[in-house]
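Enquirer: All I have is the shape, not the residue letters:
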C-alpha cells in the first residue's frame, strides 16, 4: 500500500507544476523476448499503452526531462488452447529526451506503477503487482503537425514486492511503436 500512496502523492504533486509542453499518445508494445515460465509456457504480453506527459522538469533547456503517466492494458497470450489472461495498471515515470535536432530526439525512460494480473503461475501469484520499466528509443516529429512517431525498446519486470508467494517475477522485452500529439 505504501508504494501506491507514494506513486499517487508524486503524481498529484507533479501535476501542480507547469502545464506546458504536454503530449498525449497511444503505443502498441509487441513482446520480442518472452520469459519461459516454470510450467513450460512462454509469457507473451501484448501492450496497449496510453501516454501522457504533463511537465518538463528542464523547461527552457536544450534537452528535456518529462514526467509521464502511462495507463496500460495488457493481453497475455500463451497458446490458442489457453484462456486469455489480462493485466492492467499505470506507470509513472521520467523520460529524458536528448534533442539531436529540432525534429529528432533520443529518449531514455524509467517508470514503475501498480498493476493487476489475472494469470497465476508457479513463478508469480495473480493479483496486485508492480511493473518496472526501462525504455530507450527515438522520437521523430512528423512535419509541423505536432504529431510524433515513437519507436522504443523496453525491458519490463513484474513482481509484487514479496507481498504474496510465489514472487519470482516475470521479465519481458518489447518493441514499442506509436504516435503522440503535442498539446
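Expert: That came through fine. Values in this document were obtained by computation on a predicted structure and should not be read as measured data.
Enquirer: Beyond the strand or helix carrying residue 45, next helix or strand please.
Expert: Element membership for residue 45 (DSSP states H and E) is strand 42-56. As assigned by DSSP H and E, the chain's next helix or strand after strand 42-56 is strand 64-77.
Enquirer: can you map out the helices along this structure?
Expert: 2-15 (DSSP state H).
Enquirer: shaky segments in it?
Expert: By pLDDT under 70, the low-scoring segments of the chain are 1-20, 79-80.
Enquirer: switch to 90 and redo it
Expert: 1-21, 34-43, 54, 60, 77-84, 119-121 (pLDDT under 90).
Enquirer: Which residue ranges of it form strands?
Expert: 23-36, 42-56, 64-77, 85-99, 104-117, 127-141, 147-159, 170-182 (DSSP state E).
Enquirer: From residue 123, how far out is residue 68?
Expert: For residue 68, the distance to residue 123 equals 29 Å [Cβ to Cβ, to the nearest Å]. C-beta coordinates here come from the backbone N, C-alpha and C atoms, glycine included.
Enquirer: Could you check how many residues crowd around the nearest residue to residue 87 once chain neighbours are set aside?
Expert: Nearest residue to residue 87 in three dimensions, chain neighbours excluded: residue 74, at 3.7 Å (Cβ to Cβ, 6 or more residues apart in numbering). Using other Cβ atoms under 10 Å, residue 74 has 23 other residues around it.
Enquirer: Alright, calling it a day.
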